[in-house]
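**Q** Model the following, please.
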Amino acid sequence: MKKVEHGKTFDRNAANPPAFEIFHNTVTEGYPKHWHTAIEIIMPTRGEYEVVVGKDSYNLKEGDIIMINSGVVHGMRFVSQGERIVMLVEPGCVENQEEMETIFLRLPAIYFKKEDEEDPFYLFLRSQILEMVREYDNESAVMTHRICTGLKELFSEFGRKGFSDANAQNTFGAMKQQEYIEAVLSACRYINVHYMENLSLEEVAAVSGFSKFHFTRIFKQYMNMTFYEYLNSKRVKRAEELLYDKKMSITDVAMNSGFSSLSAFNRTFKTVKACSPSDYRRQRESMVQALLMQG
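**A** Numbering: from 1, shown residues only. Sure thing, here's the model as predicted:
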């Protein structure tokens, strides 16, 4: 999708999009429904803006923050004259850092935070965003390093908040809570490496050092999803990447993303993405063609 920053245009469907982009959007038009591999963060600094995802609509006022995850179909509606900070971040920008892949798989499709001067997490998000904008605008020699560091800190805080919220739901001591977090992260690292194999709950539970029953409970508590949901999310994420290659058949995509059969792949992909792999590929190609015609 093409974006505008003071007259510049950016094509998010280019073969090799930038690792990140940050810009001041003052466009007085909306954007039709689209999606991209980048995670998008929007914060109005003046005026209002509306983001539409499916049947849900999010009205952003000055200072509100919304994060739209990779691959989520969304559109924007112009509400009033103003300016918005928009950040586009390719997950690969920081995903190769330890634990980042697990954090990205845990992120919700949409995260919407109203301005709240009393909320430490909101204040952290706003501070990080504004600091990265300053770095980007100044174009210093170390800009890329500092922004990538800032992005890692931002997404790491999402991960810490998720685990902190999970800890608040139990009555275990601090040492036991940390033991559980380490066990879950160890299991996630194992899944991230071995997802192509025929992994079982018993095998991964053994890696974590817990019984199948106990592991099932703590994994769901700390990851907000089951072991199999996490495994399938990892496999589907890999399948999304492979579907960009039009030379690969759907069967080849299935076999190269850890699925044992085409039927299992189609069923799981539709459960996670609400469309079949073939439809997903067609939708992406249609959006790319539409954007090319607009350009």
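
**Q** Would you double-check that residue 111 falls in a strand?
**A** Yes. Membership of residue 111 in a strand is supported by DSSP: H, G, I helix; E, B strand; the rest coil.

**Q** Run through the residues that contact the nearest residue to it once chain neighbours are set aside.
**A** Closest residue to residue 111 apart from its sequence neighbours, by Cβ to Cβ, 6 or more residues apart in numbering: residue 67 at 4.3 Å. C-beta coordinates here come from the backbone N, C-alpha and C atoms, glycine included. Residue 67 makes contacts with 39, 40, 41, 107, 110, 111, 112, as judged by Cβ atoms under 8 Å, 6 or more residues apart in numbering.

**Q** could you pull out the helices for the stretch 51-200 of the chain?
**A** 92-95, 100-106, 120-138, 143-167, 174-194 (DSSP state H, counting those that start in this stretch).

**Q** per-residue confidence at the residue nearest to residue 111?
**A** As predicted, residue 67 sits at a pLDDT of 94.

**Q** Just grab the bridge partners of it for me.
**A** In this entry, residue 67 is beta-bridged to residue 41, residue 111, by DSSP bridges.

**Q** how much space between it and residue 113?
**A** Note on residue 67: its distance to residue 113, by Cβ to Cβ, to the nearest Å, is 8 Å.

**Q** so where's the stretch 51-200 of the chain uncertain?
**A** Along the stretch 51-200 of the chain, the model assigns pLDDT under 70 to residues 95-98, 162-175.

**Q** and stretch 120-140, which residues are buried?
**A** Of the residues in stretch 120-140, 122, 125, 126, 128, 129, 132, 133, 135, 136 count as buried by neighbour count, 16 or more other Cβ atoms under 10 Å.

**Q** Identify the residues contacting the fifth one.
**A** Meaning residue 129. 41, 43, 65, 85, 87, 154.

**Q** From residue 45, how far off is the last one?
**A** Applying Cβ to Cβ, the value for residue 154 to residue 45 is 18 Å.

**Q** Looking at the two, which has the bigger crowd around it?
**A** residue 154 (21 against 14; other Cβ atoms under 10 Å).

**Q** Roughly how far does that one sit from residue 40?
**A** From residue 154 to residue 40 the distance is 13 Å (Cβ to Cβ).

**Q** so residue 105 touches residue 232, yeah?
**A** No. Counting by Cβ atoms under 8 Å, residue 105 does not reach residue 232; the two are 10.3 Å apart.

**Q** hang on, the earlier thing: select only the buried ones of the contacts of residue 67 in ChimeraX?
**A** A single ChimeraX command selects the buried members of the contacts of residue 67 (16+ other Cβ under 10 Å):
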select :39,40,41,107,110,112
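
**Q** and of the contacts of residue 67, the nearest to residue 213?
**A** residue 107 (27.8 Å; Cβ to Cβ).

**Q** can you pull the contacts of the residue nearest to that closest one when sequence neighbours are not counted?
**A** Leaving aside its chain neighbours, residue 107 sits nearest to residue 69 (5.4 Å; criterion: Cβ to Cβ, 6+ apart). Contacts for residue 69 (Cβ under 8 Å, 6+ apart) come out as 39, 107, 108, 109, 110.

**Q** Pick the one among those residues closest to residue 264.
**A** Nearest to residue 264 among the contacts of residue 69 is residue 109, at 23.1 Å by Cβ to Cβ.

**Q** Counting neighbours, what do you get for residue 252?
**A** 12.

**Q** now the one 5 residues further on
**A** A count of neighbours around residue 257, defined by other Cβ under 10 Å, yields 23.

**Q** what about it, distance to residue 278?
**A** Distance from residue 257 to residue 278, by Cβ to Cβ: 15 Å.

**Q** cool, and residue 197?
**A** 26 Å.

**Q** Kindly report the same for residue 70.
**A** To residue 278, residue 70 is 20 Å away according to Cβ to Cβ.

**Q** Of the two, which one has the most company?
**A** A count of neighbours by other Cβ under 10 Å puts residue 70 above the other of residue 70 and residue 278, at 18 against 12.

**Q** and that one, what does it touch?
**A** 36, 37, 38, 39, 91, 104.
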